[in-house]
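# Next input, structure requested:
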Amino acid sequence: MKLTLARDVTLTDIDSGAVLLDGRRGRYWQLNHSGAGVLRQLLDGTAPDAAAAGLCAAAPVSDDQARQDVQALIDALSAAQLVEVAS
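Below you'll find the model as predicted:
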C-alpha cells in the first residue's frame, strides 16, 4: 500500500501534532501527536502494520487496537480526500 497526500493538501507540524490543509476546499484537519506520527510513517512508505507496531511502542495500546486506529485514520483521511491510497 502506498499513501500520498492528495493534490493541494499540505501537512504542517504544530505544537500539538500536525495540521492538514486542503487548499481546494479551504478546510483543515488537526491531528494529535500520535496521528501525525502515524501519518508521517505511512507517507514515508511504512506499512500500516509496522506503523501500528510503532504506535504500540509509543503508547499504552494493544496490537489490535493500534491496527484498528491506523486503519481508521487511513479510512477517514481517504474519505475526506486528503490522502490517496494505492495498492
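
# and the gap between the closest residue in space to residue 46 that isn't next to it in sequence and residue 18?
Nearest residue to residue 46 in three dimensions, chain neighbours excluded: residue 54, at 7.6 Å (CB to CB, 6 or more residues apart in numbering). All C-beta spots, glycine's among them, are computed from the backbone N, C-alpha and C. For residue 54, the distance to residue 18 equals 16 Å [CB to CB, to the nearest Å].

# same thing with residue 66?
With distances taken as CB to CB, residue 66 is found 19 Å from residue 18.

# which of these two has more neighbours?
More crowded of residue 66 and residue 18, by other CB atoms under 10 Å: residue 66, with 23 against 18.

# Mind giving me the packing neighbours of the helix or strand where the more buried one lies?
Residue 66 belongs to helix 63-79 when assigned by DSSP states H and E. When contacts are defined as 3 or more CB pairs under 8 Å, 6 or more residues apart in numbering; DSSP states H and E, helix 63-79 packs onto helix 33-43, helix 48-58, strand 83-86.

# Direction-wise, compare the second one with helix 63-79 and give the angle.
Looking back up the chat, that one is helix 48-58. Put simply, helix 48-58 runs at 120 degrees to helix 63-79, going by axes from the mean of the first three to the mean of the last three CA atoms, to 10 degrees.

# just to revisit the earlier point, list the buried ones in the helix holding residue 66?
Judged by neighbour count using 16 or more other CB atoms under 10 Å, the buried positions of helix 63-79 are 66-67, 69-70, 73-74, 77.

# which among the residues you listed gets closest to residue 11?
Among those, residue 77 lies closest to residue 11 (CB to CB), at 10.5 Å.
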